[in-house]
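**Student:** Would you be able to build a 3D model of this:
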Amino acid sequence: PPRALGPPPLGPVGAAPRAEVRPCPEERECSVSADTVLAPLRAALDSCRPSVQKQVCSDIGRRLTVLEDAWAQGKLSAPVRKRMSLLVQELQQQHWDAADEIHRSLMVDHVNEVSQWMVGVKRLIAETRNLPDA
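**Tutor:** Numbers count the residues shown, from 1 in each chain. Okay, the predicted model is just below:
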């Protein structure tokens, strides 16, 4: 067959390259604790409470509890745990677009694992981004 296609693109056009944080250099099992991810997410939720509707905060809180339960029951794969750890790091550094990108990749690659609680994380990213001091 003719080779009409060149090499694959190097990434999105115009996107600034960002250093990828890899907590585990090898493919071995990564021990990210639930608290490492959930504590910052709950802190972000607390910071939203004064300016976000109570019903929205309650929904996000419920979904974080679903995430916590899934984590505690060992229902989350290592790639999901790693990416959630990265997402939280981006959120803490107020890298909203990077956090959104990780959220999207999790929804695409691991929809069955994350669909019940990821909507809450996405909403939390959006609400945290909209805070007055952000």
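
**Student:** show me where pLDDT drops low in this protein?
**Tutor:** For the chain, applying pLDDT under 70 flags the ranges 1-30, 133-134.

**Student:** Now do the helices in this structure.
**Tutor:** Here the chain has its helices, by DSSP state H, at 34-48, 54-72, 78-92, 96-109, 111-129.

**Student:** Turn those helices into CSV, columns for mean neighbour count.
**Tutor:** C-beta coordinates here come from the backbone N, C-alpha and C atoms, glycine included. CSV is the format used below for those (neighbours: other Cβ atoms under 10 Å):
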stretch, mean neighbour count
helix 34-48, 17
helix 54-72, 16
helix 78-92, 20
helix 96-109, 17
helix 111-129, 18
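
**Student:** Taking the centroid of the chain, which residue is nearest it?
**Tutor:** Leu87 (3.7 Å; Cα atoms, centre = their mean).

**Student:** check contacts around that residue.
**Tutor:** By Cβ atoms under 8 Å, 6 or more residues apart in numbering, the residues touching Leu87 are Ala99, Ile102, His103, Leu106, Val121.

**Student:** Glu90 too?
**Tutor:** Counted by Cβ under 8 Å, 6+ apart, Glu90 has contacts Trp96, Ala98, Ala99, Ile102.

**Student:** Which residue comes closest to the first one once chain neighbours are left out?
**Tutor:** Put plainly, it is Trp96. Using Cβ to Cβ, 6 or more residues apart in numbering and skipping residues adjacent in sequence, the residue nearest Trp96 is Arg129, 4.5 Å away.

**Student:** so that neighbour sits right up against Ala98, yeah?
**Tutor:** No. Contact criterion Cβ atoms under 8 Å: Arg129 and Ala98 do not qualify, at 11.7 Å.

**Student:** Contact partners for Leu67?
**Tutor:** Contacts of Leu67 (Cβ under 8 Å, 6+ apart): Val37, Leu38, Leu41, Met84, Trp117, Gly120, Val121.
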